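Enquirer: Pasted the sequence and its predicted model underneath.
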Amino acid sequence: MCVKLHQEILEMILLVVTQKIVPLLYNSVAKNAAPDEKDVLDQVSAVSYALKQMGYTVIEQPFEFYSGDSLQSIVEMKPRFLFNLVEAVSGEARLSYLAPALFEAHGFEYTGCSAESLLLTTNKIATKEMMLAAGIPTPPWAMGSNGQLCVRPKNYIIKPTFEDGSIGLGHDSVVEQKSTEDISYIVTQRQQETGKAYFAEQYIAGREFNVSILGNRGKPEVLPPSEIKFTGYKARNMPEILDYRAKWDEESFEYRNTVPSFDYAKSDAQLLCEIKAIAKACWHQFGLKGYARVDFRVDERGRPWVLEVNANPCLSASNSGFVLAAAQAGIDFQSVVKRIVAEATVQ
């Protein structure tokens, strides 16, 4: 009787301990990696600290999908949930969905969006096709000789199909009006030069907005929208886009002169309501969960267009647009992490 009671007590203690263990999974990063790849390490550090402050024991572990025992040690831990910061698999952002797919196969609860949501939103063409079908406004596009370019716009922006974080975007990404054949040639040439898939999208001249969304008991809470202010771009005859240098090169003119703003005129009230509603529609359309961000351009006539839907956006405590938006709503970083954790177990 005593032996059985002792065993039951040990099992209860083990259950309590394992419930407070959180494996934090992220993609491995080479020492000579580019800034956009190293950013995940900042996220790991910030999230790990927040989880520890919440009383969790954090096990930081690089994720390797093709390793046979990648999750074996975690299976033995029997944690309540995993914190997913895997942004790429084998260096490919488009394969990031494989991490939650594997978590699901093992029956784990995990933070952020599902494998299906990541699969759809890391493919910009698939994202645009779903938005088009759902009546969500997104700029017309073409992919090589195919696509949905019914009319010839004034300018195009040449974008990678599967990359995020402004990877593959530069000043030369915006191309002036050319024939359909010329645009097809430019897309094909860019693909041959990089080995990556590209497409041409109508360039929307105008304002740029980011709308972040944080889960709240299974429902989307839209955070205050931010507008990217492009200071001095017109004087330098530069396209007002958030390209790679603007996002990652801290010494560049672009980085120093693209500042998110949360200050709006009263005349923007209707526009802000509209982009919030569209962002929420994207949340539901793509089955998002936990946290996400929707990027917009607003044309000169005041019409919003969705550029991208970002599942599991960056959580760097220092420079993440998502974290800044949460702060505007009075939600500090630890509370953001707490909310994301709570959403991981919401059915």
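Expert: Ah, there it is. Numbering: from 1, shown residues only.
Enquirer: residues in contact with stretch 99-116?
Expert: Where contact means Cβ atoms under 8 Å, 6 or more residues apart in numbering, the residues beyond stretch 99-116 that reach it are 25, 63, 65, 70-71, 74-75, 79-84, 86, 89, 97-98, 118, 121, 287-292, 311-312, 340-341, 343-345. In short, each C-beta sits where N, CA and C put it, glycine included.
Enquirer: can you tell me which of those residues are in helices?
Expert: Members of the contacts of stretch 99-116 lying in helices (criterion: DSSP state H): 74-75, 98, 118, 121, 340-341, 343-344.
Enquirer: So what does the most centrally placed residue in the chain have for phi and psi?
Expert: Nearest to the mean C-alpha position of the chain, counting by Cα atoms, centre = their mean, stands P313 at 3.0 Å. Backbone torsions for P313, taken as degrees, to the nearest 10, come to phi -70, psi 170.
Enquirer: sorry, back to before: can you flag the buried ones in the contacts of stretch 99-116?
Expert: 25, 63, 65, 70-71, 74, 79-84, 86, 89, 97-98, 118, 121, 288-292, 311-312, 340-341, 343-344 (16 or more other Cβ atoms under 10 Å).
Enquirer: hmm, back to that, same list, the ones in helices among the contacts of stretch 99-116, but as CSV with pLDDT and distance to N237 please.
Expert: Output for the ones in helices among the contacts of stretch 99-116, formatted as CSV (pLDDT from 0 to 100; distance: Cβ to Cβ, whole Å):
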residue, pLDDT, distance to N237
I74, 86, 52
V75, 84, 57
L98, 95, 42
L118, 97, 38
T121, 97, 33
I340, 98, 42
V341, 98, 47
E343, 97, 45
A344, 94, 47
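Enquirer: Show me which pair in those is furthest apart.
Expert: V75 and T121 (28.0 Å; Cβ to Cβ).
Enquirer: Could you look up the SS state of the nearest residue to V211 once chain neighbours are set aside?
Expert: Using Cβ to Cβ, 6 or more residues apart in numbering and skipping residues adjacent in sequence, the residue nearest V211 is A279, 4.0 Å away. Under DSSP: H, G, I helix; E, B strand; the rest coil, A279 falls in the helix class.
Enquirer: if I pick A279, what's in contact with it?
Expert: Applying Cβ under 8 Å, 6+ apart, the residues near A279 are 211, 213, 222, 294.
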